[in-house]
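K.L.:
make a model of this:
(one chain, ligands or ions: 2)
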Amino acid sequence: MFSLFYGLWKYMFSKTEFHVLILGIDKAGKTTLLEKLKSVYSNLEGLSPDRIVPTVGLNIGRIEVSGTKLVFWDLGGQPGLRSIWEKYYEEAHAVIFVIDAACPSRFEDSKSALEKVLRHEDLQGAPLLILANKQDLAESVSSEELARYLDLKKLDERVYMFEAVSSYDGLGIKEGVEWLVEAMARSKRTEMLRARTGAAGPASA
Ligand SMILES: Nc1nc2c(ncn2[C@@H]2O[C@H](COP(=O)(O)OP(=O)(O)OP(=O)(O)O)[C@@H](O)[C@H]2O)c(=O)[nH]1
Ligand SMILES: [Mg+2]
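P.N.:
Ligands and ions are numbered 1, 2, ... in the order given. Take a look at the predicted model:
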């Protein structure tokens, strides 16, 4: 019985390509995360942190996690660039929101940016992975502490998880991504996007 379900699950999701938006304010570590994801999940060596510059356009990264294809869209987080984020909401299966856990003076900015993301109707039902990044720094706060600081009100019905990570040394990244893949596979939003674009899932980005 199990193998029948497993076979069906594999069949359905092997063809699916999930679009994951990487959001967060400037300098949170989004692009560094994307490069780390590439080196953890593919043979490609991601860019080293000293070669990464602030993002102005869009960075795209593709990886495969247990047969599931993921396409990441990494956008710039500077205040003047945040208005571009919503252009990508409709097509996104899930959101990763990155926060610099070592910089409490910017938590308020992160909180209001995230609340705005959560309010947007084009992202309804999208699973949310909130990353407390830069855990390699001694001053960084834990994911629990960050959750307390943010005190988000609109999370109630959303499928979400906080994870402590370091985009430098890779801590917590696999745990976060694997949770997200499962969350997207079960998500009603995935069903909705699939119905909209046809049974084989969305076309390539
Ligand atoms: N110590 C430490 N530094 C990090 C980590 N992740 C990113 N950084 C540093 O944080 C700074 C910003 O990183 P980016 O990846 O460019 O940040 P971003 O969120 O993409 O910024 P924008 O593109 O401007 O939105 C850089 O100096 C990175 O080297 C981390 O896990 N640990
Ligand atoms: Mg960037």
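K.L.:
which bits of this structure sit near ligand 1?
P.N.:
On the criterion Cβ under 6 Å from any ligand atom, ligand 1 has as its neighbours in the chain the residues 24, 26-32, 49, 52, 54-55, 76-78, 133-134, 136-137, 166-168. The way it works is simple: take the backbone N, C-alpha and C, and place the C-beta from them, glycine included.
K.L.:
ranges for the strands of this structure?
P.N.:
All strands of the chain, identified by DSSP state E, fall at 17-23, 58-65, 68-75, 94-100, 128-133, 160-164.
K.L.:
what angle do the first one and strand 128-133 make?
P.N.:
The one in question is strand 17-23. 50 degrees (axes from the mean of the first three to the mean of the last three Cα atoms, to 10 degrees).
K.L.:
direction included, what does strand 17-23 pair up with?
P.N.:
Paired with strand 17-23 in the same sheet, following DSSP bridges, are strand 68-75 (parallel), strand 94-100 (parallel).
K.L.:
what of the shortest one?
P.N.:
Sheet pairing for strand 160-164, assigned by DSSP bridges, gives strand 128-133 (parallel).
K.L.:
on that earlier part again, make a markdown table from the strands paired with strand 17-23 and add mean pLDDT and distance to residue 182 to it.
P.N.:
Supplementary listing: the strands paired with strand 17-23 in a markdown table, determined by pLDDT from 0 to 100; distance: least, Cβ to Cβ, whole Å:
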| stretch | mean pLDDT | distance to residue 182 |
| --- | --- | --- |
| strand 68-75 | 97 | 10 |
| strand 94-100 | 98 | 11 |
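K.L.:
so can I have CSV of those strands showing mean neighbour count?
P.N.:
Converted to CSV, the strands paired with strand 17-23 look like this (neighbours: other Cβ atoms under 10 Å):
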stretch, mean neighbour count
strand 68-75, 20
strand 94-100, 25
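K.L.:
out of the ones you listed, which is closest to residue 197?
P.N.:
Using Cβ to Cβ as the criterion, the shortest distance between residue 197 and the strands paired with strand 17-23 is 13.5 Å, found for strand 68-75.
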